[in-house]
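**Student:** Sequence below, structure please.
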Amino acid sequence: MKRRFPTLTDLFSVYSVVMFLLYGWTLLAFIWKLPSWLNYFTVGETLVILAYSLTSAFIESTFVTGVILLFAVVLPPRFLLSDFVLNGSILAMCVLGSAMIFLSRYARVSSSMVDAWPVWLAITAAVFIFLLFLAGRVNPIRQVILFLADRLRVLPYLLAPLSALSLVVILYRNLV
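**Tutor:** Residues are numbered from 1 along each chain as shown. Have a look, this model is predicted:
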């Protein structure tokens, strides 16, 4: 059963890519709204909003990495586990990047969003399969993705303490 799981180093690299995408998206949205919030909230209230945002990004990134790990365990090893850092990073970038683009394009729930969802999902799957094929055949693309996954490994060391502090703030505000 141990052979069904990736190594902790590989899992940490994929987790770093997921953290980069989700924390980046969260912080971008926070910074985008910050000027208007400063007109209505105090600095302390704005920092509490940041604490909630960081905590939710931590929970989301842990969940997404868990789903990728579940896929690696359930699927045959040649699909995801054989080169977990590369395949998991491509999966994270495709799914999360597609979700970000989809949500920014269809910011309001409407009938066009519901109609576009199956097509969008099919395009995302096609892009994922194409990138997997391309990364397996073109070595520079493979090296760039692995380089990014390796360099992003510093993020959990920076963001985990901030997320832990954010969680403490949230627990304090809700329990006291």
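**Student:** what's the least confident helix or strand in the chain by mean pLDDT packed up against?
**Tutor:** Scoring the helices and strands of the chain by mean pLDDT, DSSP states H and E places helix 111-137 at the bottom, with a mean of 84. With contacts taken as 3 or more CB pairs under 8 Å, 6 or more residues apart in numbering; DSSP states H and E, helix 111-137 sits against helix 84-105, helix 139-151. C-beta: built from backbone N, CA, C; applies to glycine.
**Student:** Near residue 47, how many other residues are there?
**Tutor:** For residue 47, the neighbour count with other CB atoms under 10 Å is 13.
**Student:** And it, which helix or strand is it part of?
**Tutor:** Using DSSP states H and E, residue 47 maps to helix 43-74.
**Student:** Now that helix: buried residues?
**Tutor:** Neighbour counts over helix 43-74 (16 or more other CB atoms under 10 Å) mark 46, 48, 50-55, 57-58, 60-61, 64-65, 68-69, 72 as buried.
**Student:** Return the distance of residue 144 relative to residue 150.
**Tutor:** Between residue 144 and residue 150 the distance is 11 Å, computed by CB to CB, to the nearest Å.
**Student:** now do residue 140
**Tutor:** According to CB to CB, residue 140 stands 15 Å off from residue 150.
**Student:** So which of these two has more stuff around it?
**Tutor:** residue 150 (13 against 8).
**Student:** out of everything not next to it in sequence, what's closest to that one?
**Tutor:** Once flanking residues are discounted, residue 150 sits nearest to residue 13: 6.5 Å by CB to CB, 6 or more residues apart in numbering.
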